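A.B. asks: Pasting a predicted model and its sequence here:
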Amino acid sequence: MPDLHSILKQIDGYKEKIIEMQHLVHKVYLSPKVKDYIMAIVKQTREKNFDYGKYISLGSSPRAGIALYIAAKAQALIKGRTYVVPEDVKEVSKEILRHRIILTYRARAENVDTDKIVDEIIRIVK
């Protein structure tokens, strides 16, 4: 079993890599159209005008949009691209929005979870 000193030494080595990756993520291009797409997804979480809207008690805040923006850029970088495509946004949406959408009691009673809601939002937002 490694001792605390060796564990901390490994973490310090990774810290530099993490900081380097964060700088690279900021350089990934995100077009205005993809930014609008992110904003439309976040806005839709606050709307009631779709099938699953009745299950949302409280939708995502603007900070969810910031998180989607950064996560989509990171996803593009992981995929080896220097630009974001809508598929990157779709792939990270559940992880980002899952805990940012507050469900109604009705949703819990009818076994509707946030993943179902995010899937529906991704389906309807073009």
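C.D. replies: Cool, the structure landed.
A.B. asks: ok, and for the host helix or strand of Val25, which residues are buried?
C.D. replies: Here Val25 sits within helix 4-27, counting by DSSP states H and E. Buried positions in helix 4-27, judged by neighbour count with 16 or more other C-beta atoms under 10 Å: Val25. Where C-beta positions appear, they are placed from N, C-alpha and C, glycine not excepted.
A.B. asks: starting at the chain centroid, how far to that helix?
C.D. replies: From the chain centre to the centre of helix 4-27 is a distance of 22 Å (C-alpha atoms, centre = their mean, to the nearest Å).
A.B. asks: Also stretch 91-101?
C.D. replies: Using C-alpha atoms, centre = their mean, the offset of stretch 91-101 from its chain centre is 5 Å.
A.B. asks: go on, stretch 29-43?
C.D. replies: 12 Å.
A.B. asks: quick one: the residue nearest the centre of the chain from Ala74, how far?
C.D. replies: By C-alpha atoms, centre = their mean, the chain has its centre lying nearest to Ile96, at 3.1 Å. Remark: distance between Ile96 and Ala74 (C-beta to C-beta, to the nearest Å) = 11 Å.
A.B. asks: Check Lys48 too.
C.D. replies: 31 Å.
A.B. asks: more crowded one of these two?
C.D. replies: Ala74 (18 against 10; other C-beta atoms under 10 Å).
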